[in-house]
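S.K.: build me a model:
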Amino acid sequence: MLVSLTTLEAHADRRVALVIGNSQYREIPALKNPDKDAEDVSKTFRLAGFEVFAARDLTRLQFEERFRNYLAAADGADLAVVYYSGHGFQIGGENFLIPVDASLKDAADMEVQAIKVDDILRQLRSRSKVQMIILDACRNDPFPRKDYWLRDQLIVAGGSGLAQVTGSQNTLIAFATEPGAVAYDGSGNLSPFSSAFSRRALTPNQEIRSVMAAVRRDVVKATNGRQVPWESSSLIDDVVLMRGADQPALPPNAQQDQETAERGIKVAAAAEAIDNRDISVPVGVGPVPLQLDFPAKGAGVSLKLARYPATGTLSLPDRVLSPQSSLMAAEIDNLRYEPQIGAAAPLEVGFQIRAGKASKPATVKLSPSVDPCDRAAGAPLDLQGVAPGRQPNEIGGGAIEACEAAVKAYPNVVRFRYELGRALLAAGEVDEARKAIQEAADKGHARAVFELAYMAASATGTAADVTKANGLYAQAADQGDPAAMAAWGRALFNGVGVEPNPRKGLDLLLKSAAMGHISAMNDLALIFQEGRNGVPADPARALSFLKASMERQEIYSMSILGLAGRRFQTAAVCKPKVITKIRVIRAPAPPMITPPPVKPMPPLIEPAPWRGGRSGDRPSPSRQSSTDDSTPDSGTPDTPDSPTTGEPPGTDGSTTGFGGISTVRGG
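M.R.: Okay, the predicted model is just below:
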């Protein structure tokens, strides 16, 4: 019961902020203020009791990683905030944020190098009750190129600043300046907008729309009317960033409780009892009681937070603590800490223990730890997961036991049920795996819904199975799962078991690729290389997605280039940095036995890393059960002979690999 209550309380009043400042651009001149803006705004949100994910000078890949960790923390949050300061501009009415490594030299670069604001908002909508996006990013476009691919059109950039965005219910989107206008850095260390926001946001008990009105007045005054902050709001709930003072009041006449000398002894003993404690705290299970067993419970003893952990959140059952919080001795045994997802380094929390005029410092060390189940059976790109994840053929011995223990310890953390299902599936226990995965799906785990769809599509290949799979893919895609967006996008683009809708399918594949999904990037590369379903061929665009795929998993992507397939052969394979062109070389197929006709099936999703077999084939449970992390793959091509192994790539007229894309050196 205690574990269950702790897990439920984790989402009782959860407020999470992602704050990014991009200043040090590599291809264009650096910006003056964003890094300082981000530091100042991060402090503001921490003082207001938010869990803050702070980041500076992010590359595209770094953004993907930080954003996934943030989304996992924001799952079920009451309020999710993204604050961005840096370069950003609009193309065709779409707003993009620009990572520091962006070059934007080619027409396809916007899709693979920039971050679409609408994609951020879409993910927040599926996870939190209230969403806020605050953009101090309305600067002139500094890049020489002005036309870029967006979906199936080449769009010419026009105007300056950002385009107006409308959110769904309970969303606020704030801009440093009005749509189409430019924001200024100002003359100080902070931009006029971020300076005003940090100052006004800490006004106690002030509703956010009143805060933004005050920010607007301050910025208009500071810029002599040249910059007018703007926001679009569909909020139906009141949002207060800085709540009124909730510090516990010291009891009256505390000096009468004990003599000064006795207080000093009590404080010293209390400090000694908790000082230098090292506490392991699991990641991703909610606030964890620190169980300090504080000895001084008498009246008159209080503790002030002298050092707040650099990441994560300290709380009591009734409130989140900020860096300026104090608490009474009677409350210390209820102190909890929730480490930030993605954090690994030990942190410190410092206390100043006081009784009257007596005072003594104490420091407690907090060491975040990832549960063995997450390490053994977490799924890649699981937006509700806390670890990088393993492919199915990488799940080894001991995973089932680790996940069974995690489910028992944390019955309300649904990802452990899904990961138990993955471990059972890898061991060949299909029925038990399906049961565990279904339980996780019923409790809202998006990747579990995708897994059920995959199992349905891989079962017998009947039309009913494909229809069922597509319905589940669509459901998980609506929840923001990248693998499901790729699968549902393929089905729509190719018309597999559903009325074809190439435009919507292409859009879903692009959204999946934007979240770092490699198979979606590979599919897009093939679509753009060949030109399909009304999408024009563009080898340069295909190459951009190929390079992006290589950056995220070079061995796998290079192996795809090395696999000729039945229809194509490759001319040469080069290192990613020297690839300049790709082309299709069609050659007669080698003599082989013609396989029997296969019914159209959705192509495979989340293929395992290539180990010498055919790309994309998922290991069957019978082979997986005896595999551990140290066992190399035999290199024998896999055969799709199990209920959970999908059809070979290409049986529906498409492929998850490149097949016909090859690389050549030079021009």
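S.K.: next, the residue nearest to the spatial centre of the chain: secondary structure please.
M.R.: Centroid-nearest residue in the chain: Arg68, 1.1 Å away (criterion: Cα atoms, centre = their mean). With DSSP: H, G, I helix; E, B strand; the rest coil as the basis, Arg68 sits in helix.
S.K.: test my guess that it contacts Pro380.
M.R.: No: with contact defined as Cβ atoms under 8 Å, Arg68 does not reach Pro380; the gap is 10.2 Å. For glycine as for every other residue, the C-beta is placed from the backbone atoms N, C-alpha and C.
S.K.: what helix or strand does Ser168 sit in?
M.R.: For Ser168, there is no host helix or strand (DSSP states H and E).
S.K.: tell me the mean pLDDT for the particular helix or strand that has Ala271 in it?
M.R.: Using DSSP H and E, Ala271 sits within helix 260-274. The predicted model assigns helix 260-274 a mean pLDDT of 72.
S.K.: got the contact list for the next helix-or-strand element following it?
M.R.: Helices and strands here follow DSSP H and E; after helix 260-274, the next one along the chain is strand 277-282. For strand 277-282, the surrounding residues in contact (Cβ atoms under 8 Å, 6 or more residues apart in numbering) are 288, 290-292, 337-339, 346, 364-371.
S.K.: which positions within strand 277-282 qualify as buried?
M.R.: By 16 or more other Cβ atoms under 10 Å, the buried positions in strand 277-282 come out as Arg277, Ile279, Val281, Pro282.
S.K.: just stretch 388-408 next, same as before
M.R.: Under the neighbour-count criterion of 16+ other Cβ under 10 Å, stretch 388-408 has 388-397, 399-400, 402-404, 406-407 buried.
S.K.: ok, which stretches of the stretch 451-600 of the chain are strands?
M.R.: 579-583 (DSSP state E, counting those that start in this stretch).
S.K.: Thr203 should be in a helix, yeah?
M.R.: No: Thr203 is assigned coil when assessed by three-state DSSP, not a helix.
S.K.: distance of it relative to Val430?
M.R.: According to Cβ to Cβ, to the nearest Å, Thr203 stands 58 Å off from Val430.
S.K.: in helices, which of the buried residues of stretch 388-408 appear?
M.R.: Cross-referencing the buried residues of stretch 388-408 against helices under DSSP state H gives Ala399, Ile400, Ala402, Cys403, Glu404, Ala406, Val407.
S.K.: ok, which pair from the residues you listed is furthest apart?
M.R.: Ala399 and Val407 (12.4 Å; Cβ to Cβ).
S.K.: next, show the common contact partners of those two.
M.R.: In contact with both Ala399 and Val407: Cys373, using Cβ under 8 Å, 6+ apart.
S.K.: please report how far Ala80 lies from Ser512.
M.R.: Ala80 is 21 Å from Ser512, by Cβ to Cβ.
S.K.: ok, now Val112?
M.R.: 13 Å.
S.K.: with Leu71 instead?
M.R.: Using Cβ to Cβ, one gets 14 Å for the distance from Leu71 to Ser512.
S.K.: more neighbours: Val112 and Ser512, which one.
M.R.: Ser512 (29 against 23; other Cβ atoms under 10 Å).
S.K.: show me the helices in the stretch 251-400 of the chain, by range?
M.R.: Secondary structure of the stretch 251-400 of the chain (DSSP state H, counting those that start in this stretch): helices located at 260-274, 372-377, 399-409.
S.K.: so for Leu327, which of the ones you listed sits nearest?
M.R.: With Cβ to Cβ as the criterion, Leu327 lies closest to helix 260-274 of the helices of the stretch 251-400 of the chain, at 13.1 Å.
S.K.: helices of the stretch 1-150 of the chain, start to end?
M.R.: Using DSSP H, counting those that start in this stretch, the helices of the stretch 1-150 of the chain run over 2-9, 34-47, 60-74, 109-113, 117-125.
S.K.: need these in JSON lines with distance to His87 and mean pLDDT, can you?
M.R.: Listed next are the helices of the stretch 1-150 of the chain as JSON lines, based on distance: least, Cβ to Cβ, whole Å; pLDDT from 0 to 100:
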{"stretch": "helix 2-9", "distance to His87": "40", "mean pLDDT": "38"}
{"stretch": "helix 34-47", "distance to His87": "9", "mean pLDDT": "94"}
{"stretch": "helix 60-74", "distance to His87": "13", "mean pLDDT": "94"}
{"stretch": "helix 109-113", "distance to His87": "12", "mean pLDDT": "89"}
{"stretch": "helix 117-125", "distance to His87": "13", "mean pLDDT": "92"}
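S.K.: which among the ones you listed is found nearest to Ile236?
M.R.: helix 117-125 (14.1 Å).
S.K.: in that closest one, what counts as buried?
M.R.: Of all the residues in helix 117-125, those buried under the rule 16+ other Cβ under 10 Å are Val117, Asp118, Asp119, Ile120, Leu121, Gln123, Leu124, Arg125.
S.K.: and if you look at stretch 217-235?
M.R.: So stretch 217-235, judged by 16+ other Cβ under 10 Å, has buried residues Asp218, Val219, Val220, Ala222, Thr223, Gln227, Pro229, Trp230, Glu231, Ser233, Leu235.
S.K.: phi first, then psi, for Val413.
M.R.: Per-residue torsions, Val413: phi -90, psi 100 (degrees, to the nearest 10).
S.K.: contact partners for it?
M.R.: Contacts of Val413 (Cβ under 8 Å, 6+ apart): Thr7, Gly284, Val285, Gly286, Ala406.
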